[in-house]
Each structure stands twice: as structure tokens, then as C-alpha cells.
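# Show me how the following folds:
(one chain, ligands or ions: 1)
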Amino acid sequence: MIEIQNFTKRYGKKTAVDNLTATVKPGQVTGFLGPNGAGKSTTMRSIIGLDTPTSGSVTVDGQDYRDFRAPLTEVGALLDAKAAHPGRSAYSHLMSIARTHGIGRDRVDEVIDLVGLTAVAKKRAGGFSLGMGQRLGIAVALLGDPKTLILDEPVNGLDPEGVKWMRELLRGLADQGRTIFLSSHLMSELSLIADHIIVIGQGRLLADASVNEFLDQGANAVRVVSPDAQRLKSALQGPDVTVTEVDKETLSITGLDAPVVGRAAAANGLVLHELSTEKSSLEEVFMNLTAGTVEYKSQDATKIAQQGVSA
Ligand SMILES: Nc1ncnc2c1ncn2[C@@H]1O[C@H](COP(=O)(O)OP(=O)(O)OP(=O)(O)O)[C@@H](O)[C@H]1O
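Prediction:
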């Protein structure tokens, strides 16, 4: 379990993390989200003792990371996929880390196999692709068979097979009762991997909820397909109700739930071919939640396309 209590980190005048309190529980995958510069890496670095809190505390299983006698067996971390020396092979990189903890060659072979790098284990890490580097980073994190894993953007650079592999690996590790804390900007992926979500913006906590609770915050729309779409549209008019025509027979309705739409159709004798509730995506809820906290904003892509990049 990771406990972050009233954690504040300042770099000079810049407050990177501002009085953050959150608990990352064992037995589940917790996704850590926030726009660029929100303070995710700072928090993760502080969990493994690479940064010191200005105030507050960050502990793993009740201890300060620096107090662990054999930290690799308590917390595995992937913070930088390019951390291996480029001239070293994956095998010698792992062996050099294993030696610091009295971990044997068998375990090194085991993690190399687990992350699928056996065929390239003796090759220079400098020649590795981003995805291979990520796999090597995961191997390092798993080396000491730790109860807690901290992963900064672990799916970055992985191909679809690698993403699927990562998802299944993390699911399996969480099911064994481990604490998995990962950041990602890939929302659709995160909604498949994570059970719980912690969102920060400008260093402050914005949400701490299960993925389902988080998605329930979004505006749900009811989708209905009917040969009588126009008559149904008239029947549904009311304050706070928005009916959008997707096509001739399809309506998207906000402000009413599906049973109400179904009853209105029945009361008016209108035929329905489809009636369903469409949940907002993780990305939509995230964008709404963090809209006021985004520091580094891009220009509207459509405008750029219309004007030309150099205009
Ligand atoms: N060593 C440092 N010195 C000064 N400012 C820093 C330092 N490290 C981080 N910051 C600042 O603290 C804020 C939080 O940065 P951090 O890297 O934790 O954000 P992040 O959420 O991980 O962002 P990203 O999604 O872009 O990786 C940023 O404004 C960043 O510029």
C-alpha cells in the first residue's frame, strides 16, 4: 500500500505537488492521470526516494522507501525506459542490479523470459527500440519480486501485442495482491487496465475513484434508432433535454435516461429498433475534469490544418 499524506513538493517558487493526500491500495491496478506538468513524475519519484517532500510524507507499506534494507524486493519501479547503459546487454544490466541484492542468475533468466527478451538478452541495450527498452525496464522492476510496482508510462512505445501483454501481466500481479501504480496518457488503454483512478491537476487532487465511479461523472447520452425518429423527437421535447439527430433514424439524447425514452415511445405508439445508454469515455471525463488545470495547451488542430502550420 502506498500512502501519500499532505504531500507538497516545491522546486524554488514552483509548487509541483500541492498538499496531495491519496492511498494506492493493494490487489488492484491504480491509474495516475494528469495533464503534462501536473506532478505525476514528481510524486512517483518521491515514492522511491528520488525526491524529498518539502512537507508531508509518502510511504510504502508504512515505511519511507529509504529505510528499506532491500528496496528492490519491496518496490519495483520503471521511471525511465532508457535507464540501461547503451553499451551493456540486457543480461549484464540486469545482472549488475541483481548483484546489489544477492539475486541469482536464475531469477535474471526468469524475468528476461517473462518480458520476452530472451532472443536479444545478449545484445546491446543501446540498439533497443523504445518498446524493448520498456520491457527491459519492466524486467528490472520485477527482479526482486516486489509487492509494489510504480510504473511511469509503461505502455509507451509498446506495439499492440506488447500492450496486451502488459495489461495481462499487470492484471495477474494485482490479482496476486500486489499494489500497482501506473501513469499513462493513453486513456483508452488505461480504462482497460485500471480498476481505480487518481487524477491530479497543477499538483492538486482532482479525483480518486473507481473507474466506474469516475465514468459515472460523465454525461451519459441515450442513443435511439427508430423509423419514427422525427415523431419521437417531438415527443421528447422538454426543459434540459437535448435531442441531436445523428442521422434520419438515429437520435442522441441527453437529459433523459433510457427507460424514460422507452416509455415515451410506447406511450406514443412509436417503434424502436435500438435503445441504449452511451457512457462518456475516460478521455471525455478526464478532459472535462482537468480543463481548468492544463498548463501546456495546444492550438486547435483543425484551425492549424485550415491555416497551414507555417501561416
Ligand atoms: N527538478 C525540477 N526542477 C524544477 N521544476 C521541476 C523539476 N521537476 C519537475 N518540475 C516542475 O514541476 C511540475 C510537475 O512536473 P512533473 O514532471 O512531476 O509533471 P508530470 O505530471 O509528470 O508531467 P508529464 O505528464 O509531462 O510527464 C512541472 O511544472 C515541472 O516543470
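
# Report the separation between Gly269 and Asn212.
Counting by C-beta to C-beta, to the nearest Å, the gap from Gly269 to Asn212 is 36 Å. Where C-beta positions appear, they are placed from N, C-alpha and C, glycine not excepted.

# just Glu278 next, same as before
15 Å.

# Between these two, tell me which one has more neighbours.
Set side by side, Glu278 and Asn212 give different neighbour counts by other C-beta atoms under 10 Å, the larger being at Glu278 (15 against 11).

# Quickly list what that one is bridged to.
In this structure, Glu278 bridges to Ala221 when assessed by DSSP bridges.

# Contact partners for the spatially closest residue to Gly37 that is not a sequence neighbour?
Excluding its sequence neighbours, the residue lying closest to Gly37 (C-beta to C-beta, 6 or more residues apart in numbering) is Glu295, at 4.7 Å. Remark: with contacts taken as C-beta atoms under 8 Å, 6 or more residues apart in numbering, Glu295 is in contact with Pro35, Asn36, Gly37, Gln202.

# Pretty sure Leu20 sits against Thr42.
No: with contact defined as C-beta atoms under 8 Å, Leu20 and Thr42 do not form a contacting pair (9.7 Å).

# shared neighbours of the two, anything?
Common neighbours of Leu20 and Thr42, counting by C-beta under 8 Å, 6+ apart, are Gly203.

# Could you list the buried residues of stretch 68-82?
Of all the residues in stretch 68-82, those buried under the rule 16 or more other C-beta atoms under 10 Å are Phe68, Pro71, Leu72, Thr73, Glu74, Val75, Gly76, Ala77, Leu78, Leu79, Ala81.

# Stretch 211-228 too?
Per 16+ other C-beta under 10 Å, stretch 211-228 contains these buried residues: Val211, Phe214, Leu215, Gly218, Ala221, Val222, Arg223, Val224, Val225, Ser226, Asp228.

# ok, so of the residues you listed, who is nearest the ligand?
Nearest to the ligand among the buried residues of stretch 211-228: Phe214, at 18.1 Å, using C-beta to the nearest ligand atom.

# And the helix or strand in which the closest one is found, what does it pack against?
Phe214 is located in helix 211-216, with elements delineated by DSSP states H and E. For helix 211-216, the elements it packs on are strand 196-201, helix 282-290, judged by 3 or more C-beta pairs under 8 Å, 6 or more residues apart in numbering; DSSP states H and E.

# May I see those organised as CSV, with mean neighbour count, distance to the ligand and mean pLDDT added?
Formatted as CSV, the entries for those read as follows, by neighbours: other C-beta atoms under 10 Å; distance: least, C-beta to the nearest ligand atom, whole Å; pLDDT from 0 to 100:
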stretch, mean neighbour count, distance to the ligand, mean pLDDT
strand 196-201, 24, 7, 94
helix 282-290, 18, 11, 84
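
# can you redo these as CSV with distance to Ile103?
Shown next, in CSV, are the helices and strands packed on helix 211-216 (distance: least, C-beta to C-beta, whole Å):
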stretch, distance to Ile103
strand 196-201, 30
helix 282-290, 37
